[in-house]
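Enquirer: Mind looking at a prediction? Sequence and model below.
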Amino acid sequence: MTLIFTPPLAEQKRIVEKCDRLMSLCDTLVEAKLKQGRDSSEKLMEVAAKQILAS
């Protein structure tokens, strides 16, 4: 038989709350990175279109 020790319930709740906050931060950072990528792609397409039309 293997014993598994767990922290007290209050500590478990604190850990879960911290994980939730960190996951929320990760979601925010991913959304910001995706937006940055979309903005960069849009600018690149604008420059490419201007160069093609100027030729």
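Expert: All right, it came through fine. Quantities reported herein were computed from a predicted structural model and do not represent experimental measurements.

Enquirer: for V47, what are its contacts?
Expert: Shown here is V47, which makes no contacts under the criterion CB atoms under 8 Å, 6 or more residues apart in numbering. (C-beta placed from N, C-alpha, C; glycine too.)

Enquirer: Could you check the pLDDT of it?
Expert: Among the per-residue scores, V47 shows a pLDDT of 94.

Enquirer: Look up how far S41 lies from it.
Expert: Computed with CB to CB, to the nearest Å, the distance linking V47 and S41 is 11 Å.

Enquirer: try K50
Expert: Using CB to CB, K50 is found at 15 Å from S41.

Enquirer: same deal with L29?
Expert: Here the distance between L29 and S41 works out to 19 Å (CB to CB).

Enquirer: next one: K18
Expert: Taken as CB to CB, the spacing of K18 relative to S41 amounts to 35 Å.

Enquirer: Repeat that for I15.
Expert: The span separating I15 from S41 equals 39 Å under the rule CB to CB.

Enquirer: same thing with L22?
Expert: From L22 to S41 the distance is 29 Å (CB to CB).

Enquirer: The residue most central in space within the chain in helix, strand or coil?
Expert: When the chain is reduced to its mean C-alpha position, the closest residue under CA atoms, centre = their mean turns out to be V30, at 2.3 Å. Each residue gets one of three states, and V30 gets helix by DSSP: H, G, I helix; E, B strand; the rest coil.

Enquirer: what about Q51, how many residues close to it?
Expert: Neighbourhood size, Q51 [other CB atoms under 10 Å]: 9.

Enquirer: All the helices of this protein, residue numbers only.
Expert: Using DSSP state H, the helices found in the chain span residues 9-54.
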